[in-house]
Each structure stands twice: as structure tokens, then as C-alpha cells.
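A.B. asks: Next come a sequence and a model predicted from it.
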Amino acid sequence: MVNYPDLMTYFSQEDKDYNLWILLTRARNLVFRARELELQRYGLTPEQAIILHIIHNSKEKLTPAEVARLIFRRPHTVSAMLDRMEEKEFIVKTTDPNRKNMIRIEITEKGNEAYRLTTKRGPIHRIMGALDKDECDQLSRALDSIVSKTSDELGINKDTLPSSD
């Protein structure tokens with residue numbers, strides 16, 4: 001087991017907001033790394049797993065721009081991710097029959113199989129299992145508040161944000 005230094009010794013007692021942001025970032029990075037290690041055996045990244053999840057569960061074929069909005073990433077970044085996913089044959093891009101200049105994304109059978117592999121989520125369940133139901137509810141509400149306030153700060157329309165339900 002790797003022993004990580006206690007960042008609290010580096011925190012400023014005057015700036016509680018920044019300290020909390022550092023703690024949130026550190027927790028996100030560690031959970032992300034655990035997920036990353038789990039998915040490596042399947043040749044997937046956490047970002048690709050999220051995209052497969054979104055496409056698999058979408059009732060309609062999404063555009064790259066819609067995927068970018070859903071995962072809060074820039075369109076050119078998502079476009080590059082989708083290109084790599086298409087090379088791996090997880091998705092195919094098709095032209096919208098009604099609008100020839102619009103691309104739609106479809107999950108392939110290989111993509112569905114990759115999605116099924118990503119549903120195991122062992123590390124996520126073990127890590128989040130450290131919280132009881134009340135703590136999960138509190139964390140969910142707190143993170144929803146942060147997303148809402150950040151959306152205000154960035155001028156993002158809250159109505160277009162994905163639900164955390």
C-alpha cells in the first residue's frame with residue numbers, strides 16, 4: 001500500500017474554501033485512478049466508459065456536441081475521444097438522414113460488450129461503500145450544489161445539465 005502524505009499539513013487555516021477544493025480534487029483524482037486501473041484490463045479509459053454508458057442508455061442517437069455537453073468537455077476533446085473509440089470499433093459515426101451535415105453516434109456490438117464489462121465497477125462500489133446512506137445523500141446534495149453554483153459561474157444553463165438521479 002502506498003503511503004500518501006497528509007496534505008492537511010500544507011493547508012492554509014485562512015482559506016477553508018481552497019482547502020475543501022484541494023480535498024475534493026484529491027478525492028476525485030484517487031477515485032479516478034482506481035477506476036482507470038480497473039478499466040485498463042479491458043483497454044478502456046474512464047472517459048470512454050462514461051461515453052459508452054451515455055450512448056448505451058440514450059433513447060436516441062446523440063451527436064458529438066451533445067456528448068460533450070453531457071460530460072462537460074470541449075467538443076474537440078470529445079471528437080478525438082470518439083475517433084479513438086471508432087478506431088476500436090466501439091462506436092460508429094453516421095450521417096443524420098434528416099440533416100446531412102450532422103453526425104450521430106451509434107454503439108456497436110463490440111461497444112455494447114465493452115459497456116457490459118464497465119458495469120462491474122468494483123473499485124467504485126468499494127470506495128463509495130465507505131459512506132452510509134445518509135452520507136451518500138449529503139454528499140449528493142453537496143455536489144449538486146457545487147455543480148449548480150459552478151454552472152452559474154460559467155453561465156451554463158442548468159436546464160441542459162444531466163440529472164444526477
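C.D. replies: Perfect, thanks for sending it.
A.B. asks: For the rest of this, base every contact and every neighbour count on C-alpha atoms.
C.D. replies: OK.
A.B. asks: Phi, psi for residue 91 please.
C.D. replies: Here is the backbone geometry of residue 91 (degrees, to the nearest 10): phi -140, psi 160.
A.B. asks: my bad, should have said residue 149
C.D. replies: Here residue 149 shows phi and psi, under degrees, to the nearest 10, equal to phi -70, psi -40.
A.B. asks: Now do the contacts for the residue nearest to residue 86 when sequence neighbours are not counted.
C.D. replies: Computed as CA to CA, 6 or more residues apart in numbering, the closest residue to residue 86 that is not its neighbour in sequence is residue 92, at 5.7 Å. If you count contacts by CA atoms under 8 Å, 6 or more residues apart in numbering, residue 92 has them with 86, 105-108.
A.B. asks: can we see that at 10 Å?
C.D. replies: Going by CA atoms under 10 Å, 6 or more residues apart in numbering, residue 92 touches 82-83, 85-86, 103-108, 111.
A.B. asks: likewise residue 138?
C.D. replies: Contacts for residue 138 were tallied using CA under 10 Å, 6+ apart; they are 131-132, 144.
A.B. asks: OK, contacts around the spatially most central residue of the chain?
C.D. replies: The chain has residue 50 as the residue nearest its centroid, 5.2 Å off, counting by CA atoms, centre = their mean. By CA under 10 Å, 6+ apart, the contact list for residue 50 reads 56, 67, 70-71, 115, 118.
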